[in-house]
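Engineer: here are the coordinates; sequence isn't available:
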């Protein structure tokens, strides 16, 4: 039997933001030493900004300060070939305002690795789009079959 695959539909910005609140781990795509790099992070969505912690002196901390980066989260079920993917792009910056750091401390996930809380980085989602993968609609026969 021939598998026709699924269908992609675009996800609106409001739904992308809602989906970002459902997950805890995402991937930051950035440039390190003139090469593409991707790093998983535990994050929180604060308004329309992705916020995460990273270690002081890490490649990720150095690479994202005022750099344009990508942030991706997805949830895909290989068995049903359904799911979604959200990609945001923005200019990352380090959060340094004490009041905002205090607010974020209450909602940021605990670091998974010791010493990974030296910097708080935020990515304003200047560009945000997503796609949902649906199973293909069943094809209808042009002519009904006889039994």
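Structural biologist: Perfect, I can see it now. Keep in mind that what you see is a predicted model, and the values were worked out from it rather than measured.
Engineer: Would you mind listing the buried residues in the helix or strand of the chain with the lowest mean pLDDT?
Structural biologist: Among the helical and strand segments of the chain, the one scoring lowest on mean pLDDT, DSSP states H and E is helix 59-64, with a mean of 85. Judged by neighbour count using 16 or more other Cβ atoms under 10 Å, the buried positions of helix 59-64 are 60-61, 63-64. The way it works is simple: take the backbone N, C-alpha and C, and place the C-beta from them, glycine included.
Engineer: Now do the same contact list for residue 126.
Structural biologist: Taking Cβ atoms under 8 Å, 6 or more residues apart in numbering, we find residue 126 in contact with 88-91.
Engineer: Among those, which ones are in strands?
Structural biologist: 88-91 (DSSP state E).
Engineer: And those, which is closest to residue 71?
Structural biologist: The shortest approach to residue 71 among those belongs to residue 88, at 4.6 Å (Cβ to Cβ).
Engineer: Next up, the contacts around that closest one.
Structural biologist: 16, 20, 50, 70-72, 123, 125-128.
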